[in-house]
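Engineer: Task: produce atomic coordinates for the following.
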Amino acid sequence: MSILLAIFCIIFLIISWYRRDYALSMIALFLPSYLIRFKIAFLPSTVLEIMILIVFLAWLVRTLSDKSRSGRWLSRFWFPWCWPVLFFVLAGAIAVIISPDTRQALGLWKAYIVEPVMLYLVLVNTIKTRKQIKMMVFGLGISIAFIALIAIWQYIGWMEIPGGYGYEIPKRATSVFPFPTAVGKYIGPLLGLFLGLVLVKNSNEDTKESTGKDRLWQNAFLWGVVSFSFIALILSFSRGALVGVFASVLFISIYSKWKKFILAGIIIAVILALAIPVTRNNIIDVFNTSDISTDVHLVMWKGAVRIIKDNPITGTGLASFPVVYDQYKEASHTEYFPNPDHLILSLWIEMGLAGLIIFAWIVVKFFKSGIRIIKQDRKWVVALLASMIVILVHGFIDTPYFKNDLAAMFWLLIGLMVIIENNNHSEKYLKK
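Structural biologist: Got it, this is the predicted structure:
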């Protein structure tokens, strides 16, 4: 294992040094590689973390040693949205200080905040052309297609479903992850992205970029990713992700020339969901809170609100929820959770009111940027906005950020929006 890891790191370092855009695409492809864990001396690490550190160091050294760039070294870096980004990192650092588990909090700060921001900095200083953006998206597409394929294999019995989820009714696929909701957290935002790319037409791109076989292969790839991703969501029974994707499709329909067909499809899907006994009963159980998962979430959210009432400004720090929740939970609630399965509550408890506000600041800037350029680059902007909508809607019933791959994905989406906004007026960019 150590020899293979060393060989991989050397190869990835060479790629990062000479073709940083390829290295970033590989990171997009291997986001779930955080599941491969190991220790360097006494420090725990993951393959995803090592990839981010390698590409960041390669970029930093190349930039500082570039003699063709004049001026102070700070002027050699482009750092868009620097204040909200830096404040978010600072809020995380404060959350480490007040955490009851400093060691664990440092690990989360590094994995969920510092390293994703490092990835964001490399991304915005590397990716310049539409071709490079497509390469990044291609990596993400292959990634979720692989995740979906494993989920399908599990469901048809070719692979075992871990954790007893294969014996639940309905059976729930987990793919490469240890639990099924992780499938929805990972696939949901990217499915929103790809739905935007297939359902929205961008005339200034589609008429110039590709014709004939190239366009045919691109469309086949996009629709293939969408189809496999949707199947995986169904097989994992990730209800929160499905609701988020549903919201993103409603948003996409506003800008799609197939609006009537999309709305008709949504109506048919709703009718079928209400007509099929299994799905109808699940929907009814959720609304009357007789569903076990819904009941657990409601009880947990009540405990989370109690924590916030006692710590409204600072929260209780990163990695604190499993520690402090025991003091605030219902007496009958015995389940263990790393966070309260709600994005707002998680941010408030783990990073304080400041962390929540700064996160909201970043999301608002993301949407404002998209709105400013949506007329010039409708297809890509709508796709990115749809992806963020999935995260936000899903965030009302889960926490689609506090996880290594999800945090990196979030900052990749932010970076892509920044790049597109910066470059969309360039004729050279639009043609590449």
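Engineer: And the helix or strand hosting residue 92, what does it pack against?
Structural biologist: When elements are assigned from DSSP states H and E, residue 92 belongs to helix 82-98. Packing partners of helix 82-98 (3 or more CB pairs under 8 Å, 6 or more residues apart in numbering; DSSP states H and E): helix 102-109, helix 115-124, helix 343-373. For the C-beta atoms, the positions are set from N, CA and C on the backbone; glycine is no exception.
Engineer: Turn these into TSV, columns for mean pLDDT and mean neighbour count.
Structural biologist: Below are those laid out as TSV (pLDDT from 0 to 100; neighbours: other CB atoms under 10 Å):
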stretch	mean pLDDT	mean neighbour count
helix 102-109	96	18
helix 115-124	98	23
helix 343-373	97	20
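Engineer: could I get the ones you listed as JSON lines with distance to residue 331?
Structural biologist: Supplementary listing: these in JSON lines, determined by distance: least, CB to CB, whole Å:
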{"stretch": "helix 102-109", "distance to residue 331": "26"}
{"stretch": "helix 115-124", "distance to residue 331": "38"}
{"stretch": "helix 343-373", "distance to residue 331": "20"}
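Engineer: Quick check: the nearest residue to residue 97 once chain neighbours are set aside vs residue 234, distance?
Structural biologist: Leaving out its chain neighbours, the residue that sits closest to residue 97 by CB to CB, 6 or more residues apart in numbering is residue 317, at 7.4 Å. Relative to residue 234, residue 317 is positioned 38 Å away (CB to CB, to the nearest Å).
Engineer: Between the two, which is the more surrounded one?
Structural biologist: residue 317 (28 against 14; other CB atoms under 10 Å).
Engineer: pLDDT wise, what is that one at?
Structural biologist: You'll see residue 317 listed with a pLDDT of 96.
Engineer: quick one, what contacts it?
Structural biologist: Applying CB atoms under 8 Å, 6 or more residues apart in numbering, we find residue 317 in contact with 95, 96, 97, 98, 99, 100, 105, 350.
Engineer: Also residue 340?
Structural biologist: 300, 301, 303, 304, 321, 325, 346, 349, 399.
Engineer: ok, back up a step: look up phi and psi at the residue nearest to residue 97.
Structural biologist: phi 100, psi 160 (degrees, to the nearest 10).
Engineer: from now on call the first residue 23
Structural biologist: Noted, 23 is the first residue going forward, which turns the last one into residue 339.
Engineer: how much space between it and residue 328?
Structural biologist: Taking CB to CB, one finds residue 339 at 16 Å from residue 328.
Engineer: same check, this time on residue 161
Structural biologist: 42 Å.
Engineer: and of the helices and strands packed on helix 104-120, who's closest to residue 214?
Structural biologist: Counting by CB to CB, residue 214 lies closest to helix 365-395 out of the helices and strands packed on helix 104-120; the figure is 13.1 Å.
Engineer: now the angle between helix 365-395 and the following helix or strand past that closest one, please.
Structural biologist: Next helix or strand after helix 365-395 toward the C-terminus (DSSP H and E): helix 400-416. For helix 400-416 against helix 365-395, the angle between stretch directions is 160 degrees (axes from the mean of the first three to the mean of the last three CA atoms, to 10 degrees).
Engineer: Remind me what helix 400-416 packs against, helices and strands.
Structural biologist: helix 203-221, helix 225-228, helix 261-277, helix 365-395, helix 426-445.
Engineer: if you set the cut-off to 10 Å instead, what comes out?
Structural biologist: For helix 400-416, the packing partners by 3 or more CB pairs under 10 Å, 6 or more residues apart in numbering; DSSP states H and E come out as helix 152-177, helix 203-221, helix 225-228, helix 261-277, helix 365-395, helix 426-445.
Engineer: So which of those is nearest residue 295?
Structural biologist: Evaluated with CB to CB, the helices and strands packed on helix 400-416 place helix 261-277 nearest to residue 295, the distance being 9.7 Å.
Engineer: In the closest one, which residues are buried?
Structural biologist: By neighbour count on 16 or more other CB atoms under 10 Å, the buried set for helix 261-277 is 261-267, 269-271, 273-275, 277.
Engineer: Over to stretch 206-220?
Structural biologist: Neighbour counts using 16+ other CB under 10 Å place 206-220 of stretch 206-220 among the buried residues.
Engineer: Tell me which two in the residues you listed are the farthest apart.
Structural biologist: Greatest spatial distance among these (CB to CB): 207 and 220, at 21.8 Å.
Engineer: how much does the helix or strand containing residue 251 deviate in direction from helix 261-277?
Structural biologist: Residue 251 belongs to helix 234-258 when assigned by DSSP H and E. Interaxial angle of helix 234-258 relative to helix 261-277 (the same axes, to 10 degrees): 140 degrees.
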